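# Pasting a predicted model and its sequence here:
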Amino acid sequence: MKFTWFNLMPWPYLPEDFREKHRSVWVDIPNTLYDPVRGHAVYHEYMDQLEYADSLGFDGIGVNEHHQNGYGLMPSPNIIAAGLARRTSRAAICVIGNSIALYNPPIRVAEEFAMLDVISGGRLVAGFPVGTPMDTNFCYGQIPALTRDKYREAHDLIMRAWAAEEPFAFDGKYNQLRWVNCWPKPIQKPHPPIYVPGGGSVETYDFCLDHDYNYSYLSFGGYKAGKMLLDQYWERVAQRGKDESPYRAAFAQLIAVADTDEEAERLYAEHILYFYNRCLRVYPGFADPPGYRTVKTIRAGTLTVLRRENQQLFQNVTWKDLIERGMVIAGSPETVRQRMEELIKTLRVGHVFCLLHNGNQTDEKTRHSTRLFAERVMPHLRNLWPEWEHDERWWIHPIENRVRPEETVGARR
Amino acid sequence: MNARTLETRKGARVRLLEGGADDARPLVFLHGVAGLLDDHTFLDLLAERYRVLAPELPGYGESAGEELLEDMLDFALHGWDVVEALGLGGRRPLLVGHSMGGMIAAEMACLAPGALDKLVLVDALGLWLDEHPVPDLFSFLPFEFGDVLFHDPDRGAALLTGGLDFSDEEALREFLVANARRLGTAGKILFPVPNRRVSKRLYRATVDTRVVWGESDRLVPPAHADRWAELLPCASVTRVAEAGHMVPYEQPEALAREVAAFFG
């Protein structure tokens, strides 16, 4: 099993009446709620936590990309990843990822990911999300019906750029480049491991299986709700005649560990409820621009959020709901171990993105929870897939003789 | 109105509503972003004087081949492909474009002004004025359309959905599916900002033009009418009272009178 410590980097100072006063945490959130001076401390605290996770033996440390979003302070995850690459030397740097259709031209992603792979000594995990409608369409102006087509073209350009050993011309529908010549190139060959976050469309399953990329389901719905989707994914894997290595799939889970179950509620409930009840307020009109989803997906979807009478209502979720529905795994190390084992086995995943900082959780509590997970949970979950123990197809292959920045910086002082 | 289907040379299959005498002057109506609604009063009134031809854009209703249309030039040439497929026997059509259809009609006029008899733009999309922005119709929830598109939102919502009841789950779902197809297609020329720079080409549209606007259009503010008239070489403006963006459906008689007065 591989465990990646993930920080969404939420803004921790959303007011208590955020839900009543504002329709969305994303796209048109009032940017006066952001305070750059407080932001200075927040970035450093969050980056320190990612480095702390590396020191505790997490396999990876993870960042992602969101725009105009109150629970994501990383419009450019590559900037954070560059900082982490300089201050760590062991964990994989998981950038999940760059919304490749948004970069103009997308060769920029090939270059920056190559830089990160080189600086980190071959520790980059490269995520290629299609991107949410909020980020891709409403914040970055991509035409909904053409987003997937543009994504595919960007993918083809990046992969060709990494593979080619001579300059080539690229005559795409969205990108025309006379001289593509990626410089620098990544350390990992033929390329860093590719992770594609998905939300249940068959097209994305097939895209991952066609290229042998990892399929990552990153939801905040928890492992019980996630089972339906991953069952469909594994069904597709079987239909396509691919092997069933659990490392083909990753899942994100909110986690909080304390000495006892009661202590977990006492320490973390307010912060996790901050996340669900304030950070996840997204105006439904931003979630589904016509053309982004296929007709098939719309037919299968739920409609309740679209009704006028439901716009003012909100069923505030409670701690009990979160635990019972598996949205959050929280409790004593033993409780968390049991639930995590259930998650890993029922979803058949080899990678878990562990969301151990949540909402406006303080640094002290985050480190406490992280340390308990690393020391008293993780070691018991390591060997749940013994038959796939040597399957490294979806993990990093760093160089042996890499610079250890955390050591050399001290030595030069 | 009678319905039939034609195929363009490019391969799009277009459903067409047709009415009026065969030997009357041909009038092509390009529908707006909401499509051709069930209520055809406006077309029926025009059909008393003209041979009315109302093609449905691919992605709307039964028309197909929207994957063939990707950018503004594709949409404008598709407009001419349809005119060609109508077989007007060399007669230059009168062209009426409403909303998104007005944007397409204006582009068609820039490409081939001499091939049109006269042009009417009704509450046309296609310009961007910073002081008079068009709201983001792609982020509307279904229940919000009526409010923005009509002078009288309650009556408008009923017109828009053909009386569909959104509290009925299946009805809402079917509306969403059709809406995704329609606005998915429209988004190629309207998202994220409904401006594909027709303003810099309008000097070419030398056809005699009338710009007609609903006085209470909350989607494309009435100030846009004046800007169209400034940019078009031979245009004048008239306005329709108690009409929002959906003039052809909200005030069909008044609009038909305006059109007939101008076309003769």
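Now that the structure is in, tell me what you want to look at.

# From here on, just use CA atoms for contacts and neighbour counts.
Fine.

# for whatever residue of the stretch 1-150 of chain B ends up closest to chain A, phi and psi?
The stretch 1-150 of chain B approaches chain A most closely through B:Ser139 (4.3 Å), counting by C-alpha to the nearest C-alpha. For B:Ser139, the backbone dihedrals (degrees, to the nearest 10) come out as phi -100, psi 10.

# Show me what from chain B comes close to chain A.
Residues of chain B found near chain A (C-alpha under 8 Å from any C-alpha of the partner chain) are B:138-143, B:169, B:172-173, B:176-177, B:179-185, B:187-188, B:191-192.

# Tell me the buried residues within the residues you listed.
Taking 16 or more other C-alpha atoms under 10 Å in any protein chain shown as the criterion, what is buried in the residues of chain B next to chain A is B:138-142, B:172-173, B:176-177, B:179-185, B:187-188, B:191-192.

# For B:His31, give me the pLDDT.
pLDDT recorded at B:His31 is 98.

# count of neighbours near the closest residue to it other than its chain neighbours?
Excluding the flanking residues, the one nearest B:His31 by C-alpha to C-alpha, 6 or more residues apart in numbering or on different chains is B:Gly101, at 5.1 Å. Neighbour count of B:Gly101, defined by other C-alpha atoms under 10 Å in any protein chain shown: 28.

# Please identify the helix or strand for B:Gly101.
According to DSSP states H and E, B:Gly101 maps onto helix B:100-111.

# Check what contacts that helix and list those residues.
The set of residues external to helix B:100-111 that reach it, using C-alpha atoms under 8 Å, 6 or more residues apart in numbering or on different chains, is B:29-33, B:72, B:75-77, B:79-80, B:95-97, B:116, B:119-126, B:186, B:198, B:201-207.

# Now intersect the residues you listed with the helices, please.
Of those, the ones assigned to helices by DSSP state H are B:Met72, B:Phe75, B:Ala76, B:Leu77, B:Gly79, B:Trp80, B:Ala186.

# now those as CSV including neighbour count and pLDDT?
Rendered in CSV, the data for the ones in helices among the contacts of helix B:100-111 read as follows (neighbours: other C-alpha atoms under 10 Å in any protein chain shown; pLDDT from 0 to 100):
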residue, neighbour count, pLDDT
B:Met72, 19, 98
B:Phe75, 25, 98
B:Ala76, 21, 98
B:Leu77, 17, 98
B:Gly79, 22, 98
B:Trp80, 18, 98
B:Ala186, 29, 98
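
# For the stretch 151-264 of chain B, just list every one of the strands.
B:209-214, B:235-240 (DSSP state E, counting those that start in this stretch).

# Pick the most deeply packed of those.
strand B:209-214 (a mean of 26; mean count of other C-alpha atoms under 10 Å in any protein chain shown).

# what lines up beside that strand in the sheet?
Partners of strand B:209-214 in the sheet, by DSSP bridges, are strand B:119-122 (parallel), strand B:235-240 (parallel).

# Save the ones you listed as JSON lines, and put in mean pLDDT too.
Shown next, in JSON lines, are the strands paired with strand B:209-214 (pLDDT from 0 to 100):
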{"stretch": "strand B:119-122", "mean pLDDT": "98"}
{"stretch": "strand B:235-240", "mean pLDDT": "98"}
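
# Select, out of those strands, the one closest to B:Leu88.
The closest of the strands paired with strand B:209-214 to B:Leu88 is strand B:119-122. By C-alpha to C-alpha, the value is 16.7 Å.

# Buried residues, that closest one. List them.
Neighbour-count burial for strand B:119-122 [16+ other C-alpha under 10 Å]: B:Leu119, B:Val120, B:Leu121, B:Val122.

# Just the CA trace of that strand, in PDB.
Included here for strand B:119-122 are C-alpha records, laid out as PDB according to Å, rounded to 0.1, in the frame of the first residue of the first chain:
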ATOM      1  CA  LEU B 119     -32.100  41.700 -42.800                       C
ATOM      2  CA  VAL B 120     -33.900  41.900 -39.400                       C
ATOM      3  CA  LEU B 121     -31.900  41.400 -36.200                       C
ATOM      4  CA  VAL B 122     -34.100  40.800 -33.100                       C
END
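
# And the contacts of it?
Contacts of strand B:119-122 (C-alpha under 8 Å, 6+ apart): B:94-99, B:102, B:105-106, B:207-213, B:247, B:259.

# In helices, which of the buried ones among the residues of chain B next to chain A fall?
B:172-173, B:176-177, B:179-185, B:187-188.

# Just give me how far the longest helix belonging to chain A sits from the chain centre.
Counting residues, the longest helix found in chain A (DSSP H) is helix A:36-55. How far helix A:36-55 lies from its chain's middle: 17 Å, per C-alpha atoms, centre = their mean, to the nearest Å.

# which residues are contacting it?
A:5-7, A:9, A:60-62, A:80, A:84, A:87-88, A:90-91, A:363, A:366-367, A:370.

# and those, which are buried?
Judged by 16+ other C-alpha under 10 Å, buried ones among those: A:5-7, A:9, A:60-62, A:80, A:84, A:87-88, A:90-91, A:366-367, A:370.

# Out of those, list just those in helices.
Checking those against DSSP H, those in helices are A:Ile80, A:Leu84, A:Arg87, A:Thr366, A:Arg367, A:Thr370.

# From these, pick the one nearest chain B.
After measuring these against chain B - C-alpha to the nearest C-alpha - the closest member comes out as A:Ile80, at 29.2 Å.

# ok, the closest one to A:His191 distance?
Computed as C-alpha to C-alpha, to the nearest Å, the A:Ile80 to A:His191 distance reads 21 Å.

# returning to what we had before: which one among the ones in helices among the buried ones among the contacts of helix A:36-55 gets closest to B:His151?
Checking these one by one against B:His151 (C-alpha to C-alpha), the nearest turns out to be A:Ile80, at 50.2 Å.

# longest single strand anywhere in chain A?
Assignment by DSSP state E gives strand A:249-257 as the longest strand of chain A.

# On the pLDDT front, check the closest residue to A:Pro190 other than its chain neighbours for me.
Closest residue to A:Pro190 apart from its sequence neighbours, by C-alpha to C-alpha, 6+ apart: A:Ala163 at 6.9 Å. Here, the pLDDT recorded for A:Ala163 equals 97.

# Also B:Ala180?
pLDDT recorded at B:Ala180 is 89.

# What of A:Arg308?
pLDDT, A:Arg308: 59.

# Can you pull the residues of chain A lying near chain B?
Counting by C-alpha under 8 Å from any C-alpha, the positions of chain A adjacent to chain B are A:137-138, A:141-146, A:284-286, A:288-293, A:295, A:298-299, A:303, A:306-308.

# Quick check: nearest residue in space to B:Val240, chain neighbours excluded?
Excluding its sequence neighbours, the residue lying closest to B:Val240 (C-alpha to C-alpha, 6+ apart) is B:Gly214, at 4.9 Å.

# Next one: that neighbour from chain A, what distance?
26 Å (C-alpha to the nearest C-alpha, to the nearest Å).

# correct me, but that residue touches B:Asp123?
Yes. Here B:Gly214 reaches B:Asp123: they are 6.7 Å apart, a contact under C-alpha atoms under 8 Å.

# Can you pull the residues that touch both of the two?
With C-alpha under 8 Å, 6+ apart, B:Gly214 and B:Asp123 have common neighbours B:Pro222, B:His245, B:Val247.

# Run a quick neighbour tally on the second one.
Neighbours of B:His245 under the rule other C-alpha under 10 Å: 27.

# if I pick it, what's in contact with it?
Here B:His245 is in contact with B:99, B:123, B:148-151, B:213-214, B:216-220 (C-alpha under 8 Å, 6+ apart).

# Throw those residues into TSV and include pLDDT, thanks.
Shown next, in TSV, are these (pLDDT from 0 to 100):
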residue	pLDDT
B:Ser99	98
B:Asp123	98
B:Val148	94
B:Leu149	95
B:Phe150	95
B:His151	95
B:Trp213	98
B:Gly214	98
B:Ser216	97
B:Asp217	98
B:Arg218	97
B:Leu219	97
B:Val220	98
